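Student: For reference, the sequence and a predicted model appear below.
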Amino acid sequence: MGKIKVTTCGISGLYVIEPTVFPDARGYFMETYNYNDFKEAGLDMVFVQDNQSMSVQGVLRGLHFQKQYPQGKLVRVVNGTVFDVAVDLRSDSATYGKWFGVELSAENKKQFYISPGFAHGFLVLSEKAEFVYKCTDFYHPGDEGGVAWNDPEIGIEWPIQPGVELIISDKDKKWLGLKETFKF
């Protein structure tokens, strides 16, 4: 029970995952994670930490990464809708600096797996959103890095709705662009 559909995203290491949903008169049931199903789909990772956040419309979180202890993340939305983004930070990758975005919602039940080596962020599109994610490594205070959410070199096309003002943390406002962050 609980097979999943895995779709690649044009950037190696990013996957949209759709669980099988079993609806009935009472509501629905679905497996959001099953190690065997993921392994069979070629996603053989171990998660060590689960996190959950709630944000209001217009909140933009990110783009975050850990420097020495990169995390893989399996993200989903259990209430509301977000536009979720990953940016390839792997310097040896043919898609370095490229981004991919996907709408995640309680309705579409899609999940997004982001391998280690990516920056991650999201924009809340609904009145509020509850965001849940599993991590392949622990959060290490002092190891967090970030890239500017609006870096023109990356060129993320955020679906900012007319009349909605962005709410961005002071920390996220201070991140520099990709070229300033990673000087090769």
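Tutor: Now that the structure is in, tell me what you want to look at.

Student: Can you list the buried residues in the biggest helix by length in the chain?
Tutor: The single longest helix within the chain, with elements called by DSSP state H, is helix 35-40. By neighbour count, with 16 or more other Cβ atoms under 10 Å as the criterion, the buried positions of helix 35-40 are 37-38. C-beta coordinates here come from the backbone N, C-alpha and C atoms, glycine included.

Student: let's have the chain start at 2 instead
Tutor: Got it, first residue is 2 now, which makes that one helix 36-41.

Student: Residues touching the helix or strand just after it, excluding its own?
Tutor: As assigned by DSSP states H and E, the chain's next helix or strand after helix 36-41 is strand 50-57. Outside strand 50-57, the residues that touch it by Cβ atoms under 8 Å, 6 or more residues apart in numbering are 62, 80, 125, 128-136, 138-140, 168.

Student: Strand partners (parallel or antiparallel) of strand 50-57?
Tutor: Partners of strand 50-57 in the sheet, by DSSP bridges, are strand 129-136 (antiparallel).

Student: for the next helix or strand after the partner strand, what is the average pLDDT?
Tutor: Once strand 129-136 ends, the next helix or strand along the chain (criterion: DSSP H and E) is strand 145-147. Strand 145-147 shows a mean pLDDT of 96 in the predicted model.

Student: Distance of the residue of the chain most remote from its centre relative to residue 110?
Tutor: The C-alpha centroid of the chain is most remote from residue 26, which lies 31.9 Å away (Cα atoms, centre = their mean). Distance, residue 26 to residue 110, using Cβ to Cβ, to the nearest Å: 19 Å.

Student: ditto for residue 56
Tutor: In this structure, residue 56 and residue 110 are separated by 19 Å, where distance is defined by Cβ to Cβ.

Student: And for residue 90?
Tutor: Distance from residue 90 to residue 110, counting by Cβ to Cβ: 28 Å.

Student: what do you get for residue 127?
Tutor: The spacing between residue 127 and residue 110, counted by Cβ to Cβ, is 15 Å.

Student: So which residues of this protein form strands?
Tutor: Taking DSSP state E to define them, one finds strands in the chain at 5-9, 15-20, 22-25, 28-31, 50-57, 61-67, 74-80, 82-89, 100-106, 112-115, 119-125, 129-136, 145-147.
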